[in-house]
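In: This is a predicted model, with the sequence first.
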Amino acid sequence: DAGVIQSPRHEVTEMGQEVTLRCKPISGHDYLFWYRQTMMRGLELLIYFNNNVPIDDSGMPEDRFSAKMPNASFSTLKIQPSEPRDSAVYFCASSPLFRDEQFFGPGTRLTVL
Amino acid sequence: GQQLNQSPQSMFIQEGEDVSMNCTSSSIFNTWLWYKQDPGEGPVLLIALYKAGELTSNGRLTAQFGITRKDSFLNISASIPSDVGIYFCAGRRYSGGGADGLTFGKGTHLIIQP
């Protein structure tokens, strides 16, 4: 059974460019989470969805960040315009209903020059 | 926001030794989870704890959910080289509107010396 799939695995872009990260959760999972990991701040929750509906986006740093989940098998995290301080590893995770175990994807390492 | 204090920050041990690490919080959590992360990979779930006082094992790993709901510990017995990595505790709480996302500790970096 496939785990959480993220693409791309690595992204290098220049400041000001738009960046789109993609995630396919585990089939049948009702929750999808986006996290960001940096050395300074560790793992931080950005936003999460329940049945494709955003529930809590209080962790989204600013308006440059947006996330969507158009259907149960796909989500995107977009940064526009990107800045060097956005450089981090971005993880997507999913979990089934009534269980708190979250299963993480391999992450997207973003470098903004 | 909620903070999880995880300690120690790093551990240098000999192969075969037992390992113990813990997480504490000023807030109550409804669920405690322990993850391991290898370089270049996402965190992998090791153990999930749902009940205060619960003690759960997964092979050489044992974790406990503290009675106060504000702490948890993870023990690894007879460490082996593949145990090297970063271990994270994570907690989830249920607020009035439903469950929140996970709050993570800063991690314990386990290094095993030959």
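Out: Structure's in. What do you need? Residues are numbered from 1 along each chain as shown, chains lettered A, B, ... in the order given.
In: Pull up the gap between A:Pro8 and A:Gln17, please.
Out: Applying C-beta to C-beta, to the nearest Å, the value for A:Pro8 to A:Gln17 is 14 Å. Just so you know, the C-beta spots here come from the backbone N, C-alpha and C atoms, and that holds for glycine as well.
In: Number of residues surrounding B:Ala52?
Out: 16 (other C-beta atoms under 10 Å in any protein chain shown).
In: gap between the one residue sitting closest to the centre of chain A and B:Asp38?
Out: Centroid-nearest residue in chain A: A:Trp34, 3.3 Å away (criterion: C-alpha atoms, centre = their mean). For A:Trp34, the distance to B:Asp38 equals 21 Å [C-beta to C-beta].
In: correct me, but B:Gln113 touches B:Glu15?
Out: Yes. Assessed by C-beta atoms under 8 Å, B:Gln113 is found in contact with B:Glu15 at 7.4 Å.
In: so what's A:Phe104 up against?
Out: Applying C-beta atoms under 8 Å, 6 or more residues apart in numbering or on different chains to A:Phe104 gives the contacts A:4, A:35, A:91-93, B:35, B:42-44.
In: Without its sequence neighbours, what residue ends up closest to it?
Out: In space, and not counting its chain neighbours, A:Phe104 is closest to B:Gly42: 3.5 Å by C-beta to C-beta, 6 or more residues apart in numbering or on different chains.
In: Strands of chain A, start to end?
Out: Assigned by DSSP state E, chain A shows strands spanning A:5-7, A:10-13, A:19-24, A:31-38, A:42-50, A:53-56, A:65-71, A:74-79, A:88-95, A:103-104, A:108-112.
In: So which other helices or strands are in contact with the fifth one?
Out: Applying 3 or more C-beta pairs under 8 Å, 6 or more residues apart in numbering or on different chains; DSSP states H and E, one finds that strand A:42-50 contacts strand A:31-38, strand A:53-56, strand A:65-71, strand A:74-79, strand B:103-104.
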